[in-house]
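Undergrad: here is the input, now give the coordinates:
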Amino acid sequence: MPYMNIEQARFNMVEQQVRPWDVLDQRVLDAISDVPREDFVPMAYRNLAFADISIPLGHDQVMMKPIVEGRLLQALMLTRQDTVLEIGTGSGYLTALLARTAKHVDSVDIYEDFVKKAEQRLNGLNINNVSLETGDAIDGWNKFACYDVIVLTGSVPVLEPHFQTQLNDGGCLFAIVGEEPVMQAQLISRVNQDEFNVDVLFETSLSPLVGADESDEFVL
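TA: Numbers count the residues shown, from 1 in each chain. As a prediction, this is how the structure comes out:
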């Protein structure tokens, strides 16, 4: 797409998709406007970079819709003091958005090719407050660390407790929980060592986190 068409498409995405879906935080809108989404989309789908669809990435994984990314970021209310764990790097686009307003992002993906491509894209934008690793995080990650924010970029049938127990007090976890046809985007906030609040944000649909559909036991 020609340069001006890309900029018009980006503007339309923000003003006609993201903002009308109750994303009113200007920091979030600015981040989505500034980070070049088209650079994170597989070349075969580049002309759909700003469409209201989940874009295939390979390995049966998808890039979230722009409206979901916007609502996710707004719900997290990130600050420059926050450390973030992202489970599922994918294209690296959400990683870039998280990094814009957080102190540091640890991002892990089970697919090495996703991690390598994301690293190239993030380096190209001089985003250096991100650590990328390849690994299976379905049972948690870096278990000796706690985070202010945790984001699951794939859905889970039921949320297992080890995810939220890696939160610092006052921290929050974004997860899409459930199975087709009904999934809920949830924000789980840690009040203290033993208490958590759950807010249901909206209904949506997303490919499962790798391995999440294979677990035998789930505890809410």
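Undergrad: name the SS class of residue 189, please.
TA: Assigned by DSSP: H, G, I helix; E, B strand; the rest coil, the conformation of residue 189 is strand.
Undergrad: for it, give its distance to residue 158.
TA: According to C-beta to C-beta, to the nearest Å, residue 189 stands 18 Å off from residue 158. C-beta here means a position set from N, CA and C on the backbone, and glycine is covered the same way.
Undergrad: hey, where'd the strands end up in the chain?
TA: 55-58, 61-63, 83-87, 104-109, 130-134, 147-152, 167-179, 182-190, 196-204 (DSSP state E).
Undergrad: who are the packing partners of the longest one?
TA: Helices and strands touching strand 167-179, as assessed by 3 or more C-beta pairs under 8 Å, 6 or more residues apart in numbering; DSSP states H and E, comprise helix 66-76, strand 147-152, helix 161-164, strand 182-190.
Undergrad: longest helix in this protein, please.
TA: helix 112-124 (DSSP state H).
Undergrad: quick one, it and strand 130-134 angle?
TA: 160 degrees (axes from the mean of the first three to the mean of the last three C-alpha atoms, to 10 degrees).
Undergrad: buried residues in helix 112-124?
TA: If you call a residue buried by 16 or more other C-beta atoms under 10 Å, then helix 112-124 has these buried ones: 114-115, 117-119, 121-122.
Undergrad: between the residues you listed, which is nearest residue 135?
TA: Nearest to residue 135 among the buried residues of helix 112-124 is residue 115, at 9.2 Å by C-beta to C-beta.
Undergrad: any idea how far residue 89 is from that closest one?
TA: To residue 89, residue 115 is 6 Å away according to C-beta to C-beta.
Undergrad: okay, and the helix or strand of the chain with the least pLDDT?
TA: helix 3-12 (a mean of 84; mean pLDDT, DSSP states H and E).
Undergrad: thanks again, I'm all set now.
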